[in-house]
Each structure stands twice: as structure tokens, then as C-alpha cells.
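Undergrad: Okay, sequence plus prediction incoming.
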Amino acid sequence: MISTTPRLDRATLVDWYQRNRERSAQIFALVDDDAFFQRPIPLRHPFIFYEGHLPAFSFLTLNERALGEEPIDPAFEKLFERGIDPDSSGAAKAHERSDWPSRETVERFARTCDERVIDALLHATLIDPSVPKLRRGQAAYTVLEHEPMHHETLLYIIHQLDYAKKGRIPQAHHDHAPPHNPMQIVEAGTAHLGADPDAIRFGWDNEFGPQRVEVPRFAMARYPVTNGDWLRFVEAGGPVPEFWIERDGEFFLRGAFEELPLPRSWPVYVSHDQAQAYADWAGMRLPSEAQFHRAAYGAPDGADRNYPWGAAQPNALHGNFDFERYDPEPVDAHPAGASAWEIEDLIGNGWEWTSSVFAPFPGFEPMASYPQYSADFFDGKHYVMKGASPVTARELIRPSFRNWFYSDYPYMYAKFRCVM
Ligand SMILES: [Fe+2]
């Protein structure tokens, strides 16, 4: 079992906050000034919203709502409080506005928020078992994990921006023929979903509490489905993924910062609906959330692992995550990340779609610091994703972490594999 001693080192928290803020600044710096008020994905706000949202959320969540401090600027705090997840461009129109404040004004507000948040991380009472928002340091960790989740969102929005309107982070790319992809047997056993609040440092509300699911024996592909695999599906009449560009009968990949000849050995990024269509065509299925857990964290000896590869903290040998890259890499690039069943690339290189509708575990309680975080999405229309993408921060990599998206949302860094 995972066990973490509850402790809270203020210097570590401040360092984490500042690393988050620096990464935010690097990401915003990628966007050209004239694109800053645009929305490359119509279902999301323009970049200026996120520049205000990140510090406003931190200040509201920690200083104002958990610690009871006075507001900095109530109008800005309201303007920047919440992101959007409308299900259509029509619904997104309701959120359009032409009177965003200037970048200078937003950045000045952000600096004030940062000073106050850092001051609280250094000096305030961050853990108080009698205050729900401060139980186990909840508000502080909510702030610290919220920002890197937005880094991922921002980067996939920037992905859709014209290359001419953004800067570029240099990366080397490798590709080769897709590897042979055998089906690996996962023996019947218990999948442990959901965390015990006392066993992990912090978790979002949808991660609790502990569930035991008996999973019959099944087989899972050693690697996720590649662009090379998907090409055969397209030739058989399957849809062309959003990340592909077709020109003169040839396919290219829309990479984060440059267009590439279609890398056949990289995982294909597709929506849940597209992944489901592929699995149907292949005569297989998408794994359930419990099957993913069993494949990633289960082992023949019956003892669960912290990570597919064992107990070692996640590092660059184990998978493509934590901003080492901004695009995928070959699905067989990380044999050191293999699970006990010799299944690879489970953590990193793209989230993995499951067949499980995003729903609360029994005993679910909305978290005091952010009650809408999950509860707004239990609508039967979002599906669970597990694992991590190239731009998922290492702090978010834990067995209980769940991501979720609409089944037809095509912009996510999400891959999949089949089971039978
Ligand atoms: Fe947010």
C-alpha cells in the first residue's frame, strides 16, 4: 500500500508554487501578443482569461475562502474565477466578451495575488482538522495542483494556434516502424480504485474512497494504438484524427510547434468516440477503468504497485511526462516503464481512454475547497482517462488520479489501447 506521512514543508510548497508560476509565464510567452485575446478552441476562453484565472483561483481558494482574508479586487476575482466547458460553440457564445482588461492590468493583479499566496504558504495555518478547507492542507494543495492542470489545458489550446502566431520550444523527434504489438495476459485479480484519504498527501474529491473491483482475466495490447495502426483504419474507411493534416493524399502530423511527416510509431491522439470506433472495427474493446488499474498497478503476486514499474518516483526513463517533451514519442520508447504484465507506455505519452463513464465512487463528497471540481461533470457524458500526457506534471502522477472528457472532444492529448 501507498503510505505518505502527513507533513507540510513550507519551503517546498513555496518552491512548487513558484515553479508553477514560472511555467505559466513560459507558456503564456509562447503566444503572440495579437493572439492573446483569441480563442483557438471556441469552447475555451481566450488566453487573457487564463492569465488572470490562475492567480485569482489561488488567491480565492487559499487566502479568501480558506483563510478568510479580505479580497484584493472583487470584480477581477469574479471575472477570473471559473473556466468553461460548454458542450457546443453555441453555448460557448454566452461566454464571449470584448471588454477583457489589458495584459498589464491583469499582470499587476496577478503579482498582488502571488505575493499574498506566497505569504500565506509561508506563514498561515495551512492545516486545521476542524476547518474542512484546511483538512490535511487541502486548500494549499488544491492551489498547487490546479495550476499544472491548466498548463496541460493551455498547451493543447496553443497546439491549435497557427504556427505563425506562437513561439516554439525546440525538440528532437524520433520515429521508426511501429513495433510488433502482442496482447499481454493480465491474470484475474483485484483492482484497487480510489484512494484512502489517509494514504495519500492530497487527492481531488473524485479519487476517494477505496474500492475493490474483481477483474476477470483479460488480455491488453502491450502498446497503445499508433498512427501507423490508425492509417490502416483510415484506409478501411475510419475517420481522420484532428491532429492529422491531409495534403495531396498524404498525411502529416500537426505537432505542437511544427508539422511532421506522420510518425508511424507514435500513439494516435483521438477522441473517445473515435477510439471506440477503432476498437469496434478491430473486434476488441476499450479497457474499463478497473482493467486499466489491474494492468498498470496489479502484479502476479497480488500486491499492488505504486507505479507500473514499481516504487521508484516517476522519472524520464519511465515515460514521456512532466514537460520533457511537448509531443509524443514512439510507443516503445520506455521499456523501463513496463508494468508487471509487460505492458508499456501506460503512464505518459498521452492519457489513455477507458470505457468507464466518469462517475463518483460510492461515498463521494464534494471537496470543501472546490465543490464544483468533479460534481459538475457527473452527467454521463464524460469518460475517464488514466495515465498522463507529455505535459502532465509529475506531481499529478498517482494511481488514483482521474481525468475526464466529453466523448467527442478531439483536442486532448489522449491515446488508447484495446483489450479482449
Ligand atoms: Fe481552473
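TA: Arrived safely.
Undergrad: CA atoms for contacts and neighbours, from now on please.
TA: Will do.
Undergrad: Tell me which residues touch the closest residue to Arg103 other than its chain neighbours, please.
TA: Closest residue in space to Arg103, ignoring its immediate chain neighbours: Ile48 at 7.0 Å, by CA to CA, 6 or more residues apart in numbering. Residues touching Ile48, when contacts are defined by CA atoms under 8 Å, 6 or more residues apart in numbering, comprise 36-37, 100, 103, 106.
Undergrad: try 10 Å this time
TA: Under the criterion of CA atoms under 10 Å, 6 or more residues apart in numbering, the contact list for Ile48 reads 28, 35-39, 80, 100-103, 106-107.
Undergrad: Name the member of those with the most neighbours.
TA: Note: the member of the contacts of Ile48 with the most neighbours is Phe28, at 22 neighbours, neighbours being other CA atoms under 10 Å.
Undergrad: Name the SS class of that one, please.
TA: What DSSP: H, G, I helix; E, B strand; the rest coil gives for Phe28 is helix.
Undergrad: Wait, it touches Pro46, no?
TA: No - if you go by CA atoms under 10 Å, Phe28 and Pro46 don't touch, sitting 11.4 Å apart.
Undergrad: and Arg247, how many neighbours?
TA: Quick note: Arg247 (other CA under 10 Å) scores 8 neighbours.
Undergrad: Bridged to it, which residues?
TA: For Arg247, the beta-bridge assignment (DSSP bridges) gives partners Glu250.
Undergrad: that older thread, shared neighbours of Phe28 and Pro46, anything?
TA: Contact criterion CA under 10 Å, 6+ apart; residues bridging Phe28 and Pro46 by contacting each: 36, 154.
Undergrad: I'd like the next helix or strand past the helix or strand of the chain with the lowest mean pLDDT.
TA: The weakest-scoring helix or strand in the chain, judged by mean pLDDT, DSSP states H and E, is helix 89-93 (a mean of 61). Past helix 89-93, further along toward the C-terminus, the next helix or strand under DSSP states H and E is helix 103-123.
Undergrad: buried stuff in that next one?
TA: 103, 106, 109-110, 113-114, 116-118, 120-121 (16 or more other CA atoms under 10 Å).
Undergrad: from these, which is closest to Leu67?
TA: Ala120 (8.6 Å; CA to CA).
Undergrad: host element of the residue nearest to Arg103?
TA: For Ile48, the enclosing helix or strand under DSSP H and E is helix 47-58.
Undergrad: By pLDDT, give me the weakest of the contacts of Ile48.
TA: When it comes to pLDDT, Arg39 is the least confident member of these, at 77.
Undergrad: How many neighbouring residues does the closest residue to that one other than its chain neighbours have?
TA: Using CA to CA, 6+ apart and skipping residues adjacent in sequence, the residue nearest Arg39 is Pro46, 4.4 Å away. Applying the criterion other CA under 10 Å, we find 21 residues in the vicinity of Pro46.
Undergrad: the helices in the stretch 251-400 of the chain, which residues?
TA: With DSSP state H, counting those that start in this stretch applied, the stretch 251-400 of the chain shows helices at 272-282, 289-297, 372-375, listed in chain order.
Undergrad: mind listing what's buried in the shortest one?
TA: Right, the one you point to is helix 372-375. When neighbours are counted by 16+ other CA under 10 Å, the buried residues of helix 372-375 are found to be 374-375.
Undergrad: Adjust the sequence numbering to begin at 20 for everything that follows.
TA: Right, with 20 as the first residue, what we last looked at is helix 391-394.
Undergrad: which outside residues touch that helix?
TA: 223-226, 377-379, 383-386, 422-423.
Undergrad: Now list the buried members of these.
TA: 223-226, 377-379, 386, 422-423.
Undergrad: taking the residues you listed one by one, which sit in strands?
TA: Judged by DSSP state E, the subset of the buried ones among the contacts of helix 391-394 located in strands is 422-423.
Undergrad: Show me what stretch 180-192 is in contact with.
TA: Outside of stretch 180-192, the residues that reach it under the criterion CA under 10 Å, 6+ apart are 46-55, 57-60, 174, 177-178, 273-279, 282, 343-349.
Undergrad: okay, how far is it across that stretch, tip to tip?
TA: Stretch 180-192 has an end-to-end distance of 21 Å (CA to CA, to the nearest Å).
Undergrad: circling back: can you tell me which of the contacts of Ile67 is nearest Ala318?
TA: When the contacts of Ile67 are compared for distance to Ala318, the smallest value, 42.0 Å, is given by Phe47; criterion: CA to CA.
Undergrad: Thanks a lot, see you next time.
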